[in-house]
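Chemist: give the three-dimensional model of this entry:
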Amino acid sequence: MNTIEKAIERLKRGSSIKQSTNVEGVTTKVNSGSSIMSSKTNLNINFDKLCEAGYLTPDQSNQVLTDEYRVIKRPLLKNAFGRGVVPIANGNVIMVSSALPGEGKTFTSFNLAISMALEKDTTVLLVDSDLTKPGLSKLLNIHKLPGLGDYLVDGNVNLSNVILRTNLKRLSVLPAGKCGEDTTEMLASQKLKDVIEELASRYSDRIVIFDLPPIMVTTHAEVMLENAGQSVLVIEEGKTQQHIVKAAVSKMKEDSVVGLLLNKCATTHKSTYYGSYGTYGN
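Modeler: As a prediction, the model looks like this:
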């Protein structure tokens, strides 16, 4: 008897199948009880470990970091839901990148998603769109799971089946998934534009945060930024030269709101987070 036949026999007996993987933070559950067997992977994020690594967590134990990201998210949320000075098209689509690797874009994407998911009337979908070097997926130990790349290359992949619900009620995650040889073309395709539109419009309270590759290293980020309503450029203090920042900004969508986040500052000032935050653009 093959695996499928065994599963059918279990369903007939009205049994329930539950399988836990040994992958840290990820639990896979397959539940029966209906005529159609459905599967859903739930991501149990190890917040204790992430807290030790300096990330923001739901218990808000790091008060300084919590307060800093409250300052960061407030203008983004206003723009996302039409409460800013000027209406922003696709304002709930926020893309986070950096000019160079190692400046803290994934740290920022994750912390921003956690902070926004703690809002009482906001849900967040965090997307790892760095298909070549999926730092976010590796951080959450989901880099071996199917995700965005699989959906873009395989017409049989259901988008809902690769989005992971997490143990933070208002947060879901979409892994990077498979990386193809034509990644730039995949990310520039109409299919990606359509999926971003679908993700952004499916729920009225949803923010979609994309963790992008560094802008000056690959063309992947540049083609993704064409779909941004708002963009956050993470800059490492004392490392990234001004001309590189200007070159990165020049590649961003002209009519989107762009926020500059100065990261890894030696000192933190009361009126700022990580030293400085400024916006310009639309």
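Chemist: make sure Val245 is indeed in a helix.
Modeler: Yes. Per DSSP: H, G, I helix; E, B strand; the rest coil, Val245 lies within a helix segment.
Chemist: wait, it touches Ile235, no?
Modeler: Yes. Using C-beta atoms under 8 Å, Val245 makes contact with Ile235 at a distance of 5.8 Å. (Glycine included, C-beta is placed from N, CA and C.)
Chemist: who's more crowded, these two?
Modeler: With neighbours defined as other C-beta atoms under 10 Å, Val245 and Ile235 compare such that Ile235 has more, 25 against 18.
Chemist: who does that one bridge with?
Modeler: When assigned by DSSP bridges, Ile235 has beta-bridge partners Leu262.
Chemist: show the pLDDT at it.
Modeler: Ile235 is assigned 94 on the pLDDT scale.
Chemist: please apply the same query to Lys239.
Modeler: Confidence at Lys239, expressed as pLDDT, is 85.
Chemist: Lys264 versus that one, what's the distance?
Modeler: 8 Å (C-beta to C-beta, to the nearest Å).
Chemist: likewise for Ala248?
Modeler: The gap separating Ala248 from Lys264 is 17 Å, by C-beta to C-beta.
Chemist: tell me which of these two has more neighbours.
Modeler: The neighbour comparison of Ala248 against Lys264 (other C-beta under 10 Å) goes to Ala248, with 23 against 16.
Chemist: which element is the more buried one on?
Modeler: helix 242-250 (DSSP states H and E).
Chemist: buried set for that helix?
Modeler: Applying a neighbour-count criterion of 16 or more other C-beta atoms under 10 Å, one finds 245, 248-249 buried in helix 242-250.
Chemist: ok, stretch 151-162 next?
Modeler: By 16+ other C-beta under 10 Å, the buried positions in stretch 151-162 come out as 151-153, 157, 162.
Chemist: pLDDT of that stretch, averaged?
Modeler: Throughout stretch 151-162, pLDDT has a mean value of 90.
Chemist: what residues are shared contacts of Val245 and Ile235?
Modeler: Shared contacts of Val245 and Ile235 (C-beta atoms under 8 Å, 6 or more residues apart in numbering): 99, 260.
Chemist: gap between Ile207 and Ser160?
Modeler: 18 Å.
Chemist: ignore the last one, Gln63
Modeler: As judged by C-beta to C-beta, Gln63 and Ser160 stand 37 Å apart.
Chemist: pipe the buried residues of stretch 151-162 into TSV and attach distance to Ile88 and secondary structure per row.
Modeler: Compiled in TSV, the buried residues of stretch 151-162 are given as follows (distance: C-beta to C-beta, whole Å; DSSP: H, G, I helix; E, B strand; the rest coil):
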residue	distance to Ile88	secondary structure
Tyr151	26	helix
Leu152	26	helix
Val153	31	helix
Val157	31	coil
Val162	28	helix
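Chemist: among these, which one lies nearest to Thr218?
Modeler: Nearest to Thr218 among the buried residues of stretch 151-162 is Leu152, at 16.3 Å by C-beta to C-beta.
Chemist: so who does that closest one touch?
Modeler: Residues near Leu152 by C-beta under 8 Å, 6+ apart: 180, 186-187, 189, 191-192, 195.
Chemist: could you say what helices and strands the helix or strand that contains Val195 packs with?
Modeler: Using DSSP H and E, Val195 maps to helix 190-201. Identification of packing neighbours for helix 190-201 by 3 or more C-beta pairs under 8 Å, 6 or more residues apart in numbering; DSSP states H and E yields helix 148-153, helix 159-162, strand 206-211.
Chemist: the ones you listed: which one's closest to Gly104?
Modeler: Among the helices and strands packed on helix 190-201, the nearest to Gly104 by C-beta to C-beta is strand 206-211 (11.1 Å).
Chemist: run through who's touching stretch 198-207.
Modeler: With C-beta under 8 Å, 6+ apart as the criterion, stretch 198-207 contacts 76-77, 80, 90, 92-94, 116, 121-125, 127, 159, 208.
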